[in-house]
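Asker: Give me coordinates for this.
(one chain, ligands or ions: 2)
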Amino acid sequence: MAKILVTGGTGYIGSHTVVELQQSGYEVVIVDNLSNSSEKIVDQITKITGIKPRFHKFDLCDREALQKFWDEHTDIEGVIHFAAYKAVGESVQFPLKYYHNNLVSLTNLLEIMEQRSCKKLVFSSSCTVYGQPAELPVSENAPIQKANSPYGNTKQIAEEIIFDHAYVSSLKAIALRYFNPIGSHESALIGELPIGVPNNLVPFITQTAIGKRDSLKVWGDDYDTPDGTAIRDYIHVVDLAKAHVVAMERMDKTIADEKFEVFNLGTGRGNSVLDVILTFEQANGIKLNYQIAQRREGDVEKVWADTRKANEVLGWKTQLGLETALKSAWAWEKNLAEGIVD
Ligand code: NAD
Ligand code: WQD
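Answerer: Ligands and ions are numbered 1, 2, ... in the order given. From the prediction side, this is the model:
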């Protein structure tokens, strides 16, 4: 059974990926400093899969801790690197916090992987690297645009660091550019844990529905889109998690000679903010209190993925729709309100 290190494995996407890896027969060890997650997620994962993943709490920016950890786990075959800070607005306010955490953790990891001959890396990148693309759907070949936040810039720089390093080392790496991950595992035992006021649309919707927020603001209805609200490619987090297992498997195959590959992970469909609100209302039988407000600074108008490369080369495609995702997000919010991870 191959052992995989999942950094950020108690986080939102990481925890769902740990479940999929375990269910595909991998042994998983998690490293997380719990800066944006809870150790209780380890128990929740165990409830779903019946297998308790090994968990180590430390900061990946701490090189000594990473060395000590690897001494204990000399047989790690691959790494899926989720750990990062991800709040766009906060990154504008505290850029050094973001450059330090997101890039030092990455270079530390690449160094130790090189020292210990660990040759497979899957990295969490983002569709944010495309900015507002000129052509839609956006493919992996579209030009990278100047990042509009330090957070977004850390993803661009990280891809470059991995690319440069892979070409002079034995590392094979896959960067996965996520579009907008939403929803929860069907058990509703794990999900997104936004700290403070959520920036993202779906947690804001579910918190409004449960009564934690008075009302939802729709940021702009004067975009050049059919209903005037902005369009994104919302992907179920379980579909996203499964792609990581496939990416890890791809690096085992000799046909994958590429040193560094990039794949879009999205559904290939765009939905507007109003589509998401109406689908949530219909799927869950709830009326949401929402108002139209001014556009949010820095938002792009519309973006959705060209998924052909992921479909054809990776052999992966999404299976779960928007309605399923929004039902699962609501089930998770209700479980959170009942203190499932308090
Ligand atoms: P998350 O905050 O839920 O998970 C990240 C985890 O990493 C957290 O548990 C946090 O405690 C941990 N962490 C952060 N810095 C660390 C460090 N230095 N050492 C150890 N642990 C550390 O975020 P998520 O939504 O699961 O995102 C996972 C990855 O995917 C991130 O790299 C994020 O930038 C990327 N991504 C997320 C989205 C999204 O919308 N959620 C979209 C595109 C890309
Ligand atoms: C989606 C749509 C909002 C909240 C962010 C990051 C990006 C990436 C994904 C990590 C937009 C609208 C939202 C609300 C609203 N993350 N909205 N009212 O903006 O696509 O991207 O997450 O890499 O880097 O910037 O996602 O969920 O914030 O917004 O109307 O209260 O919902 O304007 O059109 P976004 P989001």
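
Asker: the strands in the protein, which residues?
Answerer: 3-7, 27-31, 54-56, 76-81, 120-126, 172-178, 180-182, 216-219, 231-232, 234-236, 260-265, 271-272, 290-293 (DSSP state E).

Asker: Tell me which of those is the most buried.
Answerer: strand 234-236 (a mean of 26; mean count of other C-beta atoms under 10 Å). For glycine as for every other residue, the C-beta is placed from the backbone atoms N, C-alpha and C.

Asker: From the chain's centroid, how far away is that one?
Answerer: Mean-position distance between strand 234-236 and its chain equals 10 Å (C-alpha atoms, centre = their mean, to the nearest Å).

Asker: what do you get for stretch 136-154?
Answerer: Put simply, stretch 136-154 sits 16 Å off its chain's centre (C-alpha atoms, centre = their mean).

Asker: what would the strands of the chain look like in a markdown table with distance to ligand 1?
Answerer: Formatted as a markdown table, the strands of the chain follow (distance: least, C-beta to the nearest ligand atom, whole Å):
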| stretch | distance to ligand 1 |
| --- | --- |
| strand 3-7 | 6 |
| strand 27-31 | 6 |
| strand 54-56 | 9 |
| strand 76-81 | 7 |
| strand 120-126 | 3 |
| strand 172-178 | 4 |
| strand 180-182 | 5 |
| strand 216-219 | 16 |
| strand 231-232 | 10 |
| strand 234-236 | 9 |
| strand 260-265 | 9 |
| strand 271-272 | 15 |
| strand 290-293 | 21 |
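
Asker: Kindly reformat the ones you listed as a markdown table containing mean pLDDT and distance to ligand 2.
Answerer: Output for these, formatted as a markdown table (pLDDT from 0 to 100; distance: least, C-beta to the nearest ligand atom, whole Å):
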| stretch | mean pLDDT | distance to ligand 2 |
| --- | --- | --- |
| strand 3-7 | 98 | 16 |
| strand 27-31 | 98 | 21 |
| strand 54-56 | 98 | 24 |
| strand 76-81 | 98 | 14 |
| strand 120-126 | 98 | 3 |
| strand 172-178 | 97 | 7 |
| strand 180-182 | 98 | 5 |
| strand 216-219 | 98 | 4 |
| strand 231-232 | 98 | 5 |
| strand 234-236 | 98 | 8 |
| strand 260-265 | 97 | 11 |
| strand 271-272 | 98 | 8 |
| strand 290-293 | 98 | 8 |
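
Asker: In PDB, list the C-alpha atoms belonging to stretch 155-166.
Answerer: Only the C-alpha atoms of stretch 155-166 are listed here, as PDB (Å, rounded to 0.1, in the frame of the first residue of the first chain):
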ATOM      1  CA  LYS A 155      -0.100  30.200  -7.100                       C
ATOM      2  CA  GLN A 156       1.600  31.600 -10.200                       C
ATOM      3  CA  ILE A 157       5.000  31.700  -8.500                       C
ATOM      4  CA  ALA A 158       4.500  28.200  -7.000                       C
ATOM      5  CA  GLU A 159       3.800  26.700 -10.400                       C
ATOM      6  CA  GLU A 160       7.000  28.400 -11.700                       C
ATOM      7  CA  ILE A 161       9.100  27.100  -8.800                       C
ATOM      8  CA  ILE A 162       7.800  23.600  -9.300                       C
ATOM      9  CA  PHE A 163       8.400  23.800 -13.100                       C
ATOM     10  CA  ASP A 164      12.000  25.000 -12.700                       C
ATOM     11  CA  HIS A 165      12.800  22.400 -10.100                       C
ATOM     12  CA  ALA A 166      11.200  19.500 -11.900                       C
END
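
Asker: Lovely, talk soon.
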